[in-house]
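Visitor: Pasting the sequence and the predicted coordinates here, then a few questions.
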Amino acid sequence: MTGQPRQSRRPRQPVVLDCDTGTDDAVAILLAALHPDLDLLGVTTVWGNHDVARTTENTLRVLDAVGRGDVGVHPGRDEPFRPRIEAIPSGRADLPPTLPLPDPVSTAGEEAVEWLVGTLRAAATPVALVATGPLTNLAAALAADRSITGSVGRLVVLGGTHRQTGVTPYAERNTWCDPEAAADVLAAPFRDVWLVTMDATCSAPLTRADAARLRGLGTAAGRVAADLVEERVAWHRRAGVEVAGGRAPVHDPLAVAALVAPDLLTTLRASVEVERRDPVRYGATRFTAEPDERRGRLRVAVRADHDRYVDLLCDTLAP
């Protein structure tokens, strides 16, 4: 399937995706752009996996490949919101900078933070906001106009970890890249916040058989997703972190799943603090359980259902 998503029987949920587009962000873009219940208003890009010039170009490649060049792509920040304890590059040397897709035909739109603030200020209905990279753009938007929280129906953040080892023994990469931004965003008065952690994403890794099923859909989107899943499996093998059985977590689409299939995630109510001072535990997410379901805005995803995850991808990317 390419082009506009299939018609939904329900009103489509307006959504903005903020990402540092590498392989798993790309699959999240496919899911958000083609799911019939979502109206993807735009994609804002941020530093993280690569510098923002690369994440913007990669985003354009993905959308053009499946006929969604109509979705605006807005380049954002290329460094942390406030300086880190120790500076890091705005990209990763261990990842290919360019996705294996044709050069984009579409071009980028206005700057991300300006576009995001303007879009949320003008929203007639609540907008879902899904962030799959460092939260730099979102923190900058809040600094520009904190009232935009009132226009966000659900904020979904792909970030944090509880038991799963991340880029350090304590921290997941997105929060570690910009802990100051993560702390600001998670403390802001959004009405409904979901944090999809590495505990959830690593509980449902995808396999070469899953990639074959996606390829068998016979659609451009299915082929793109299959290539990306296979690349993630191969990268994990090269990096020496291959999951038993040739599997690899495809993290970011599970953040989009929190909008369209939230019950495939197991969640707990909790509050969270982001470590910003201790250099050893820098970027760690410390959770405090909320036993009363009526308390705590934060819903923390700790597990995911692999089979339902793959079904969601296949159903969305099918003809």
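Guide: Now that the structure is in, tell me what you want to look at. The structure presented is a predicted model; accordingly, all values stated were derived computationally and were not measured.

Visitor: Where do the strands of the stretch 201-319 of the chain begin and end?
Guide: Across the stretch 201-319 of the chain, reading from the start of the chain, the strands by DSSP state E, counting those that start in this stretch fall at 206-207, 247-248, 265-274, 285-289, 298-304.

Visitor: I'd like to know which elements the first one is packed against.
Guide: The reference is to strand 206-207. helix 220-238, strand 247-248, helix 306-317 (3 or more C-beta pairs under 8 Å, 6 or more residues apart in numbering; DSSP states H and E). In this view, the C-beta of every residue, glycine as well, is placed from N, C-alpha and C.

Visitor: Show residues contacting the second one.
Guide: By C-beta atoms under 8 Å, 6 or more residues apart in numbering, the list of residues contacting strand 247-248 from outside reads Pro205, Leu206, Thr207, Val229, Arg232, Val233, Trp235, His236, Glu242.

Visitor: just to revisit the earlier point, wait, which of the helices and strands packed on strand 206-207 is closest to Arg68?
Guide: Proximity of these to Arg68 was assessed by C-beta to C-beta; the nearest stretch is helix 220-238, lying at 9.4 Å.

Visitor: Identify each buried residue in the closest one, please.
Guide: Judged by neighbour count using 16 or more other C-beta atoms under 10 Å, the buried positions of helix 220-238 are 220-233, 235-236.

Visitor: if we can go back for a sec, export the contacts of strand 247-248 to a markdown table and append columns for pLDDT and distance to Ala318.
Guide: Supplementary listing: the contacts of strand 247-248 in a markdown table, determined by pLDDT from 0 to 100; distance: C-beta to C-beta, whole Å:
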| residue | pLDDT | distance to Ala318 |
| --- | --- | --- |
| Pro205 | 95 | 22 |
| Leu206 | 96 | 17 |
| Thr207 | 94 | 19 |
| Val229 | 96 | 16 |
| Arg232 | 92 | 21 |
| Val233 | 90 | 22 |
| Trp235 | 82 | 26 |
| His236 | 78 | 27 |
| Glu242 | 55 | 29 |
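
Visitor: low-scoring stretches of the stretch 151-300 of the chain, by residue?
Guide: Along the stretch 151-300 of the chain, segments meeting pLDDT under 70 span 239-245, 291-296.

Visitor: Could you work out the end-to-end span of stretch 271-286 for me?
Guide: Chord length of stretch 271-286, first to last residue, is 8 Å (C-alpha to C-alpha, to the nearest Å).
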